[in-house]
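Asks: sequence first, then the predicted structure, then my questions.
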Amino acid sequence: MGACFRFGTLIAGAMSLVVACSSGSNIVATLDDSRNAGPCPTAGALYDTSRIIEFAGDAERYTEITYTGEISGVRLFCRYVGDEPIVAEVEVDFAFGKGPKGEDRYHDYSYFVTVMRRNARVLNQETFTVRADFRDQEVVAAQDLVDRIEIPRVDDTISGANFEILVGFELTDKQLQFNRDGKRFRLDAGSR
């Protein structure tokens with residue numbers, strides 16, 4: 001639990017982004033209580049990539065499902081004062097399912113966290129892995145924490161409202177098309 005978001009890319013021309021991992025402590029708990037210089041970046045899950053369904057074969061049938069996942073919540077906490085960089089944490093809530101063809105107790109899911117200029121270009125994207133432990137259960141919830149994202153600002157006129165942080169599962173082209181076609185399977189679909 002807890003991942004460090006590292007990146008080096010360009011922002012506002014030639015300024016490079018630098019990140020340092022926290023020592024495992026929660027940023028929110030270690031920050032002083034003075035007001036932020038502005039709002040935090042918006043954060044959320046991309047609709048097309050917020051679900052994943054894995055099948056044992058090519059057939060898209062309920063009986064062929066191995067594992068499923070859904071991003072059920074994204075929360076961002078941030079801190080910045082004056083012209084200091086924005087320092088943020090992202091908590092991601094997941095719901096995982098094991099289908100009729102799922103055989104393993106554990107299953108790893110890959111997801112991405114992307115930092116963008118608001119409605120513009122990607123500044124950076126990192127991939128993380130979260131593990132579901134089914135322990136004889138077919139449905140489990142999990143939470144993962146990206147514990148330190150640092151977004152430099154050119155000066156104190158640049159607020160967090162200029163950025164957004166987006167989260168989604170790493171999908172194959174076929175999985176992405178499945179989601180875009182609006183297809184879904186409920187976990188209890190075969191029990192009625």
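Replies: Sure thing, it's come through.

Asks: next structured bit after the longest strand anywhere in the chain?
Replies: Assignment by DSSP state E gives strand 65-79 as the longest strand of the chain. Per DSSP states H and E, the first helix or strand lying C-terminal to strand 65-79 is strand 86-98.

Asks: got the buried residues for stretch 116-131?
Replies: Neighbour counts over stretch 116-131 (16 or more other Cβ atoms under 10 Å) mark 116, 123, 124, 126, 128, 130 as buried. In this view, the C-beta of every residue, glycine as well, is placed from N, C-alpha and C.

Asks: nearest to residue 50 among these?
Replies: residue 130 (13.9 Å; Cβ to Cβ).

Asks: still on that earlier bit, buried residues in the longest strand of the chain?
Replies: Of the residues in strand 65-79, those buried by neighbour count under the rule 16+ other Cβ under 10 Å are 65, 66, 67, 68, 69, 70, 71, 74, 76, 77, 78, 79.

Asks: low-confidence stretches in the chain?
Replies: Across the chain, the ranges flagged by pLDDT under 70 are 1-33, 185-192.

Asks: can you give me the strands in it?
Replies: Going by DSSP E, the chain shows strands at 3-4, 10-11, 15-16, 42-45, 51-55, 65-79, 86-98, 106-117, 122-133, 139-151, 163-169.

Asks: which residues touch residue 46?
Replies: Residue 46 makes contacts with 166, 167, 168, as judged by Cβ atoms under 8 Å, 6 or more residues apart in numbering.

Asks: which one among those residues gets closest to residue 101?
Replies: With Cβ to Cβ as the yardstick, the closest approach to residue 101 among these comes from residue 168, at 24.1 Å.

Asks: centre-most residue in this structure?
Replies: With distances taken as Cα atoms, centre = their mean, residue 167 lies nearest the centre of the chain, 3.4 Å away.
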